[in-house]
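[1] coords please:
(2 chains, ligands or ions: 2)
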Amino acid sequence: MILARFLGPRVWILVAVILAAAVLVPMANLGLPRDHPLHVPSYAVQLWGRFVCYALLALALDLVWGYVGILSLGHGAFFALGGYAMGMYLMRQIGARGGYGNPVLPDFMVSLNWKELPWYWYGFDQFWFACLMVVLVPGLLAFVFGFFAFRSRVTGVYLSIITQAMTYALLLAFFRNDMGFGGNNGLTDFKDILGFPIQAVSTRAALFAASCVALAIGVLLVGWITRSKLGKLMIAVRDAESRTRFIGWRPEYVKLFAFTVSGVMAGVAGALYVPQVGIINPGEFSPLNSIEVVIWAAVGGRGTLIGPVLGALLVNYGKTIFTTVWPETWLFLLGGLFVFVTLLLPRGIVGTIDHGFDAFRATRRARDAEKGEAAGAVPNPAE
Amino acid sequence: MVETKVAGKVAGDVHTLTTPQGSGPGKPVRNAAEAAGPRPVEERSRGPGERAVVEPGPAGPQAESSHREPDVSPHPYAALMRERRLAAEAEGRARRDTLLYLSGVTKSFDGFKAINNLSLVIEKGEMRAIIGPNGAGKTTMMDIITGKTRPDRGEVFFNGDVDLTHHDEAAIASMGIGRKFQKPTVFESHTVEDNIRLSLSGPRSVLEALVHRKDEAERERIEAILETTRLTDKRKTFAANLSHGQKQWLEIGMLLAQDPELLLVDEPVAGMTDAETEETARLLREIAATRSVVVVEHDMSFVRALGVKVTCLHEGSVLSEGSLDKVSNDPKVIEVYLGR
Ligand SMILES: Nc1ncnc2c1ncn2[C@@H]1O[C@H](COP(=O)(O)OP(=O)(O)OP(=O)(O)O)[C@@H](O)[C@H]1O
Ligand SMILES: [Mg+2]
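    Numbers count the residues shown, from 1 in each chain, chains lettered A, B, ... in the order given. Ligands and ions are numbered 1, 2, ... in the order given. Presented below is the predicted three-dimensional model:
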């Protein structure tokens, strides 16, 4: 609730922190000698670069789940589609350096005995075209899916289930070799991006910075949308959908807008993720991935801007630590974390802090009012 | 069957709106009327403050029907057709002067008739109180008018010509029908002010909402509504923190913000203190000065305070209609409702 008033400065602080990371981390990685105490090792840059992409994905989910109340269990699909679009560009960049040395066809097509590039691979040798597809393909899927789902007024659990079914269907489709996306193995063995070697430390640092910039733009976009009248309408749809209909709004379009924007954001996150991990395969469509995103957002605090970003970074950092120390326990921990948060911190970390602060202010205001004079006119020092 | 007759009779008495021939509503004549009358005028949006102008109906069909009939005695079938056409026109004319026109409306849920051949007419500028026992179909009637529920049979016309059964909730709301629910529904995580802002009549497009800027005119309208609903000093309060009575008022305020021609208010004083009830009656009378209002209420002292015509529903149709004294002395009403 306090968010309403503090969203302004908070958005900017968050954006400033992210952009500072975009500049300082690559500098500390590339500019400082290895033995310098502030040196950031390359593996950390790569790791956190991935996490930043996850944060963008969690933020995308938050836009639909936290603000409009659509619990999507299929956001991994948009992420993976964006990733595939980028992967296709990276595949075409390999050119004749592949195992079979075919200048046009990626290796997996040669081994399938394909003679020609399928039509849907055309254009992906151009970076701009790939970028366009990164936005268009997930956006279009989100739009078409949302159009039919929201128009037929599918809500709640049923909607969650069909989003899950959507990502599962895509998982099965992308597993097939004859789809032309590398089947089981997916797309990998990338060589370079925009002419820079993809494995190089400096490229990695640049990708980290790009991911941070994308996240900052995402935060600004979501901040702008949620602070507008449309954002208020989204919350209204979340809390009392039928009421919005009876005052003349069409909640299905509100949802469609949010879902499409969110799908595009998830696609961009996927596109930045793929060059950093060097592979995209159908496993990214796995329903489990989409559920993990929900946990990140829930832990951090849905319906807030910082929450999902923080949640994605924290949970994934925890995952890295625990999967190296006790690999078998991670899934139990993750499940336990979700139960814990749902039962004890339903607002998530950031939401709980906000709420506590809000309650504190309310009691203080009540105390001030009790004291009598100038009850309403007490200036708020926090402002 | 008895109820049907009564309903027809009452509606007939009071408005002489049913067809002159006395043929009940819901017969084939309707189709002829559809053909003869002008096409339903579809109003998508109105500017704020600008009232929908209803065409003085007769112009079209009258011009058509005033041409001289031939002197030769017509074929009996033609005579029948002519009679039907004239009847339909008369009905259409009568209907066009009404704000809300329900005729022969029936709605069953799993074979149970929640609304049974209901006919009801609300004039422009009229305020009407609707009473009736639990389960009489009062809320279902509002669901039908606002497009939430589609009737199985019957006609629902707004402003004479707009067939409400062909529109959805959002379209009907934009035409100028506002609704307050039985259970107060406001946007709990928004402030009072934002609740009203979201309800203000105006463009309803998503992209407009995204780039919408608050302006002075908007602020003034919100101010006026806060004033009317006595919520001025609660403007920054989150709706979740309002008292029950204040939520009811906020919801009425949201209705006003829509600037509707017709307000449907379902049990506005349920759970209110006596003082709040009195205040609500005053508020509704004030609103009714400029708009039509339909109020559903069980609280008889509140209905008395409104001082308007009363319709008593029972088992989905009209049991009795008239002044409160007339209705409350009606033996049928006493038997099923008041005398319990
Ligand atoms: N969607 C529905 N499905 C099944 N039955 C319904 C539905 N809506 C209403 N009914 C039934 O229709 C009847 C009329 O209900 P309605 O809510 O219109 O009564 P009401 O006059 O508003 O009563 P109350 O004074 O209690 O509000 C009730 O018996 C109710 O159970
Ligand atoms: Mg009711």
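[2] how many other residues sit next to the closest residue to residue B:116 other than its chain neighbours?
    Nearest residue to residue B:116, sequence neighbours excluded (CB to CB, 6 or more residues apart in numbering or on different chains): residue B:316, at 3.6 Å. (Each C-beta comes from the backbone N, C-alpha and C, glycine too.) By the criterion of other CB atoms under 10 Å in any protein chain shown, residue B:316 has 25 neighbours.
[3] surely residue B:316 is in contact with residue B:113?
    Yes: with contact defined as CB atoms under 8 Å, residue B:316 reaches residue B:113; the gap is 5.3 Å.
[4] overlap in contacts, those two.
    Counting by CB atoms under 8 Å, 6 or more residues apart in numbering or on different chains, the contacts common to residue B:316 and residue B:113 are B:106-107.
[5] how much space between residue A:205 and residue B:243?
    Remark: distance between residue A:205 and residue B:243 (CB to CB, to the nearest Å) = 58 Å.
[6] okay, those two: which has more neighbours?
    residue A:205 (23 against 13).
[7] contacting residues around the more buried one?
    Neighbouring residues of residue A:205 by CB under 8 Å, 6+ apart: A:25-26, A:29-30, A:42, A:45.
[8] which parts of chain B sit against chain A?
    Contact residues, chain B versus chain A (CB under 8 Å from any CB of the partner chain): B:146, B:148, B:168-170, B:173-174, B:178-179, B:181, B:185-191, B:194, B:197-199, B:201, B:204-207, B:209-212, B:238, B:254, B:257-258.
[9] show me the contacts of residue A:205 that map onto helices.
    A:25-26, A:29-30, A:42, A:45 (DSSP state H).
[10] filter those down to the ones near chain B?
    Applying CB under 8 Å from any CB to the ones in helices among the contacts of residue A:205, none is adjacent to chain B.
[11] which of those lies closest to ligand 2?
    residue A:25 (61.1 Å; CB to the ion).
[12] neighbours of the closest residue to the closest one other than its chain neighbours, just the number please.
    Nearest residue to residue A:25, sequence neighbours excluded (CB to CB, 6+ apart): residue A:40, at 5.6 Å. Residue A:40: 20 surrounding residues under other CB under 10 Å.
[13] report pLDDT for residue A:40.
    Predicted confidence (pLDDT) for residue A:40: 92.
[14] how much space between the spatially most central residue of chain A and residue A:189?
    Geometric centre of chain A, nearest residue: residue A:57, 0.5 Å, by CA atoms, centre = their mean. For residue A:57, the distance to residue A:189 equals 25 Å [CB to CB].
[15] next structured bit after the helix or strand hosting residue A:299?
    Using DSSP states H and E, residue A:299 sits within helix A:287-300. Remark: after helix A:287-300, the chain's next helix or strand is helix A:306-325, criterion DSSP H and E.
[16] could you point out which residue ranges in the chain have low pLDDT?
    Unless you meant another one, I'm taking chain A. Residues of chain A that meet the criterion pLDDT under 70 lie in A:1-7, A:372-383.
[17] let's do chain B instead
    Ranges of chain B meeting pLDDT under 70: B:1-74, B:92-93, B:339-340.
[18] all helices of chain B, in order?
    B:2-15, B:29-36, B:59-65, B:76-96, B:138-145, B:169-175, B:192-199, B:206-211, B:216-228, B:244-257, B:274-288, B:300-306, B:324-328, B:331-333.
[19] could I get these as JSON lines with mean neighbour count and distance to residue A:291?
    Shown next, in JSON lines, are the helices of chain B (neighbours: other CB atoms under 10 Å in any protein chain shown; distance: least, CB to CB, whole Å):
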{"stretch": "helix B:2-15", "mean neighbour count": "16", "distance to residue A:291": "55"}
{"stretch": "helix B:29-36", "mean neighbour count": "16", "distance to residue A:291": "54"}
{"stretch": "helix B:59-65", "mean neighbour count": "14", "distance to residue A:291": "62"}
{"stretch": "helix B:76-96", "mean neighbour count": "17", "distance to residue A:291": "56"}
{"stretch": "helix B:138-145", "mean neighbour count": "23", "distance to residue A:291": "37"}
{"stretch": "helix B:169-175", "mean neighbour count": "23", "distance to residue A:291": "34"}
{"stretch": "helix B:192-199", "mean neighbour count": "25", "distance to residue A:291": "33"}
{"stretch": "helix B:206-211", "mean neighbour count": "15", "distance to residue A:291": "29"}
{"stretch": "helix B:216-228", "mean neighbour count": "15", "distance to residue A:291": "42"}
{"stretch": "helix B:244-257", "mean neighbour count": "24", "distance to residue A:291": "37"}
{"stretch": "helix B:274-288", "mean neighbour count": "17", "distance to residue A:291": "48"}
{"stretch": "helix B:300-306", "mean neighbour count": "18", "distance to residue A:291": "52"}
{"stretch": "helix B:324-328", "mean neighbour count": "17", "distance to residue A:291": "59"}
{"stretch": "helix B:331-333", "mean neighbour count": "15", "distance to residue A:291": "58"}
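[20] domains for chain B, by residue range?
    Listed by automatic domain parsing, the domain ranges of chain B are B:2-94, B:125-137+B:167-338.
[21] for residue B:108, which of those domains is the nearest?
    Among those, domain B:125-137+B:167-338 comes nearest to residue B:108, with 9.2 Å by CB to CB.
[22] distance from the chain centre to the closest one, please.
    In terms of CA atoms, centre = their mean, to the nearest Å, the centre of domain B:125-137+B:167-338 is found 12 Å from the chain centre.
[23] and that domain, end to end?
    End-to-end distance of domain B:125-137+B:167-338 (CA to CA, to the nearest Å): 28 Å.
[24] that domain and ligand 1 in contact?
    Yes: judged by CB under 6 Å from any ligand atom, domain B:125-137+B:167-338 and ligand 1 are in contact via B:132, B:134-137, B:182.
[25] and the helices in the stretch 1-150 of chain A?
    Assigned by DSSP state H, counting those that start in this stretch, the helices in the stretch 1-150 of chain A fall at A:2-30, A:42-65, A:75-94, A:107-111, A:127-151.
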